[in-house]
Structure formats: C-alpha cells, structure tokens
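Q: predicted model and sequence follow; I will ask about them next.
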Amino acid sequence: MRLGGRLAAAIEILEDIDRRYRPAAEALRDWGLSHRFAGSKDRAAIGNLVYDALRRKRSAAWMFQEESPRALAFGALMIEAGHDPEALNGALAEDNFAPALISGEEADRIAAHPLGEAPDGVRAECPEWCEPLLRRAWGDDWVAEAAALAERPPLDMRVNTLKATREKVAKALARTGVYESELALQGLRIGPIEGQGRHPNVQAEPAFQKGWFEVQDEGSQIVATLTEAAAGMQVLDYCAGAGGKSLAMSAAMGNTGQIQAFDAEKQRLAPIFERLKRAGCRNVQAVADQEVLAAHEGRLDLVVVDAPCTGAGTWRRRPDAKWRLGEKQLEQRQAEQAEILRRAARFVRSGGRLAYITCSVFAEENDDQVRAFLEANPDFRPVDHEALCERHFSGKAAKARIDRTTGIALSPGRTATDGFHFAALERV
Ligand SMILES: C[S@@+](CC[C@H](N)C(=O)[O-])C[C@H]1O[C@@H](n2cnc3c(N)ncnc32)[C@H](O)[C@@H]1O
C-alpha cells in the first residue's frame, strides 16, 4: 500500500471508532481481519496514523476547524511529518487509493489557523473539561505537561532479576536498539516509534519467553520500587490485576517472604498465573476470594493499592481513552478509590505501610484521596517522600514532583514516564 491507501484506511478506522464508540485497538484488529491483503508494514503504518490522529485530535481539528475523521487523519499526518497541504497533496497525487486531496478551501482554513496561535487547550491536546483539572495538577506547566502526554511513547521493559541481569537482556535485545532507562534501575527502553515504523515484537524474543524481562512502563517500575518491598516481607497487592506490581515486588524481594495478589475481579487475575510461571516467582499467591484475606488483618508489612483510576497518565499509549473519559467516570473512580483505601488499610500492621498508586495525573484521584484518607485515619501518617525518592533515585529525585504529605508524581514531561502517583503511608 502507498500513503494514500494507508490514509484512507486510517480514516475508515477512525470513522468506525467514532460511530461505534469502541477502543482503537479493537477497531484496528477488525480492520486487519477484513483486509488480510494488508502486510505487517501497512498495518503498523495505519496503526500509527490512527493513534497519531487520536493523540493530536485537538490540533488537527483546530487546523481544519472541524473534527471529522478525515480532518484528524490529514491533520495528524501533517503535524507528524511536518508536511504543508501542498507537499501532502503532492505525495498523494496519482495515488488511486488516496482520499480526496486537500481542497483550496481546506488549505485556506489551515493557513488561517496556525498551531502557534492555537489556544492553550488545543496545544495541551486534552478534552476541554479536563483543562481545569490539569491546570490544578500542574500549575503553570500544564500545557507543556499535557502536550507531553500526547507524544508517542517508548517501549519499556523491566529486567527480571530472578532470572537475568540488565546486561544480559540488553545483549540479547541488542538488535532492537535498546538502551538503559534513566531512572528505573532494572529498566531498558526502546525509544518512541519514528515515522511509519513500529516497535519490535519483544515478546516473541526467546529472552522474553525465558522470563528474563517483562514489558512494563518505567513509571510503573519506579512506583513498584518506591513500595520498598524487601526480602522476607508479608505483602498484600490489593488490586493486583495482571500482576505488574506483584511481579516487580517479587523480584525485589528475591523470591522470599510472601505476596498475596488479590483482585476483586477474578478474570483480571487470569494472566497472572502464566506470568508468574514464566518469571519464576515463587513467593506470590493469587487470591480471588476476599475471605482468604481475613486472616491477614492488622498483620501485613506492606499493603499496595494500585487503584482503579481514569488512567489519564497513560494517554500516550491509549489516546482513545482520553476522548471516552467523562466527569461521571472520574467521580466513580474517586468513590471506588476511597472505598478501596478504607478496606485495604485494615490489613496493615502497626509500623507497616500502605502504598497508594494510580496511573492518573489528576489531583482529584491522587493528592485529594491521600489527604482525605489521612484525615479519616489519624493512625496513618505519610513517610518522608523526599527521602524515599532520594534513597532510590539518588541525584535524580528532583525530576519527580514531590509533596511531603501527598506523595510523588511522575509524568512524561518531568520523568519521561507515564503519569503515575505514589504515596506511602505508615501506620503508627
Ligand atoms: C490499575 S489496575 C491494577 C494493575 C495491576 N496492579 C498491575 O500492575 O498490572 C486496578 C485493578 O483494581 C481492581 N479492582 C477494582 N475494584 C476493586 C476492589 N474493590 N477491590 C480490589 N480490586 C479492585 C481492578 O479489577 C483492576 O484489576
């Protein structure tokens, strides 16, 4: 396929996402199934166009002064490739599968709306209703921070120290252009996709099959480190899901002590069994039955709440979720978070820790939750978050935003990771 055919396919998929209000990954998969002639390079390029269009939605809509799938796909391509309408029309000329070229009237609109003159909310690439929330979270930096959430993400891996070393994995993946992460001590990174390429399928590598590494955003690796899960501890991962944090803590604990990996939704735990086996984790027990936890009340060294949240910190990877999110969902997540914190706290022993994690950047899900919890639970107090950060990321801790009381915030703009929030609260 040439550029024109790929662009037409991206527009078709964006229409499908719009019309049926469905996740981008699903729409792309279905398109692939019904267009089997498309090769893997075409699929990758079409995927990039669709995701770029979702990431750059407001800029593209500003340029074209309309939000149609056509405007979004053309707009994103112009922004990513640095094309002007004339150059893009030139690249699409004589391509029978290309959508209609940019008309004179469209070119005039684009010329009248340069991105440099776009309002803050457009440059921030966020839904309008989120603007005050992001301004509250990031103050004067909010536009730059939000814009960083609209960039293409890198591919991050965590080396599983139960089976390998960073050097060993880096050597095994040398062909992929992998390099050491800046903050996460066991992290490896492959930079963001360039042009119409794609990330290598690292999960097909023998090193992955042997359990030497996991795919995990660097921010997720960092918050797992900040839990300070250590050898011999008794730990509860209260929202374990597919086990990303449990696996990282298991390695940090050197397969000693015990982690109860609980999730209220049994099916969310399903992938954990295979992952634990591959990674050689022997100190993690998946628990789907709340009753099983009763014996641990007031006894655990560390309780981790990796709470269900809006996922606003992961918008680089899931830009479609950004446009599906609404205020009602945010309110729902806030209520769930408060309730989960209340339930999980009872398992912490005196002198033990409650670690609260979200992959959101909204203060409403982060600082507000921590403050409300501390107010309602005077037997908990925040650890010294600055010292905690310094202990693990010596000299680089300043990259994160740290609030003494409410915790540590990571973001693409500051730490080049997904957006995460971490707070450690000690029971007196
Ligand atoms: C952010 S995800 C967890 C991700 C996981 N810890 C990881 O690192 O891969 C949040 C999880 O919380 C679970 N959850 C939602 N409500 C819950 C509740 N009331 N109690 C425990 N878990 C809950 C969800 O099923 C979901 O798997």
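A: Looks like it arrived, so ask away. Numbering: from 1, shown residues only.

Q: domain ranges for the chain?
A: If the domains of the chain are taken from automatic domain parsing, they occupy 3-118, 218-427, with pieces of a single domain joined by a plus sign.

Q: relative to the ligand, which of the ones you listed is closest?
A: When the domains of the chain are compared by Cβ to the nearest ligand atom, domain 218-427 sits nearest the ligand, at 2.8 Å. Every residue, glycine included, has its C-beta placed from N, CA and C.

Q: picking up where we left off before, quick one, which of the domains of the chain is packed in tightest?
A: domain 218-427 (a mean of 20; mean count of other Cβ atoms under 10 Å).

Q: near the ligand at all, that one?
A: Yes - Domain 218-427 lies within reach of the ligand by Cβ under 6 Å from any ligand atom, at 238-245, 263-265, 268, 306, 308, 336, 340.

Q: elements contacting the lengthiest strand in the chain?
A: Identified as the longest strand of the chain according to DSSP state E is strand 348-358. Using 3 or more Cβ pairs under 8 Å, 6 or more residues apart in numbering; DSSP states H and E as the contact criterion, the elements in contact with strand 348-358 are helix 218-226, strand 300-306, helix 327-345, helix 367-376, strand 420-427.

Q: need the contact list for Val169.
A: For Val169, the contacting residues are Met157, Val159, Val178, Leu188, Ala207, Trp212, Phe213, by Cβ atoms under 8 Å, 6 or more residues apart in numbering.

Q: what's opposite the last one in the beta bridge?
A: Right, Phe213. When bridges are taken as DSSP bridges, the partners of Phe213 come out as Val159.

Q: okay, now it: neighbour count?
A: Neighbour count for Phe213, taken as other Cβ atoms under 10 Å: 29.

Q: for the ligand, see how far away it is.
A: As defined by Cβ to the nearest ligand atom, to the nearest Å, Phe213 lies at a distance of 15 Å from the ligand.

Q: shift numbering so it begins at 42
A: Taking 42 as the first residue, the last one we looked at is Phe254.

Q: could you work out the end-to-end span of stretch 218-237 for me?
A: Taking Cα to Cα, to the nearest Å, the span from the opening residue of stretch 218-237 to its closing residue is 17 Å.

Q: again, but for stretch 153-168
A: Stretch 153-168 has an end-to-end distance of 23 Å (Cα to Cα).

Q: what about that stretch, distance to the chain center?
A: Distance, stretch centre to chain centre, for stretch 153-168: 24 Å (Cα atoms, centre = their mean, to the nearest Å).

Q: please apply the same query to stretch 203-211.
A: Taking the mean C-alpha point of stretch 203-211 and that of its whole chain, the gap between them comes to 24 Å (Cα atoms, centre = their mean).

Q: so which of the helices and strands packed on strand 389-399 is nearest Glu158?
A: helix 368-386 (29.1 Å; Cβ to Cβ).

Q: contacts only, for the most centrally placed residue in the chain.
A: By Cα atoms, centre = their mean, the mean C-alpha position of the chain lies nearest to Thr355, the distance being 2.8 Å. By Cβ under 8 Å, 6+ apart, the residues touching Thr355 are Asp258, Ala362, Cys400, Asp459, Gly460.

Q: what kind of secondary structure is Ala86 in?
A: Applying DSSP: H, G, I helix; E, B strand; the rest coil to Ala86 yields a three-state assignment of helix.

Q: for the closest residue to it other than its chain neighbours, what are its contacts?
A: Closest residue in space to Ala86, ignoring its immediate chain neighbours: Gln237 at 3.8 Å, by Cβ to Cβ, 6 or more residues apart in numbering. Under the criterion of Cβ under 8 Å, 6+ apart, the neighbours of Gln237 are Arg47, Lys82, Ala85, Ala86, Asn89, Leu90.

Q: what parts of the stretch 142-291 of the chain come near the ligand?
A: Within the stretch 142-291 of the chain, the positions near the ligand by Cβ under 6 Å from any ligand atom are Tyr279, Cys280, Ala281, Gly282, Ala283, Gly284, Gly285, Lys286.

Q: hmm, back to that, output the longest strand of the chain as CSV, nothing but the C-alphas.
A: As requested, the backbone C-alpha atoms of strand 389-399 are provided in CSV (Å, rounded to 0.1, in the frame of the first residue of the first chain):
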residue,chain,number,x,y,z
VAL,A,389,-1.6,-3.0,57.6
ARG,A,390,0.2,-3.9,60.9
SER,A,391,1.3,-1.2,63.3
GLY,A,392,4.6,0.1,61.9
GLY,A,393,3.7,-1.3,58.4
ARG,A,394,3.0,0.7,55.2
LEU,A,395,0.1,1.4,52.9
ALA,A,396,1.3,2.3,49.4
TYR,A,397,-1.3,4.1,47.2
ILE,A,398,-0.7,4.1,43.5
THR,A,399,-2.6,5.5,40.5
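
Q: that strand relative to helix 408-417, how many degrees between them?
A: 160 degrees (axes from the mean of the first three to the mean of the last three Cα atoms, to 10 degrees).

Q: run through the stretch 142-291 of the chain and note the low-pLDDT ranges.
A: Of all residues in the stretch 142-291 of the chain, none has pLDDT under 70.

Q: now the strands for the chain?
A: Remark: strands assigned in the chain by DSSP E are 196-200, 220-221, 228-231, 254-256, 275-278, 299-303, 325-328, 341-347, 389-399, 421-423, 442-444, 448-451, 461-468.

Q: need the ones you listed in TSV with distance to Gln373, can you?
A: TSV is the format used below for the strands of the chain (distance: least, Cβ to Cβ, whole Å):
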stretch	distance to Gln373
strand 196-200	29
strand 220-221	39
strand 228-231	32
strand 254-256	28
strand 275-278	22
strand 299-303	21
strand 325-328	25
strand 341-347	17
strand 389-399	14
strand 421-423	25
strand 442-444	25
strand 448-451	22
strand 461-468	18
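
Q: cheers, nothing more for now.
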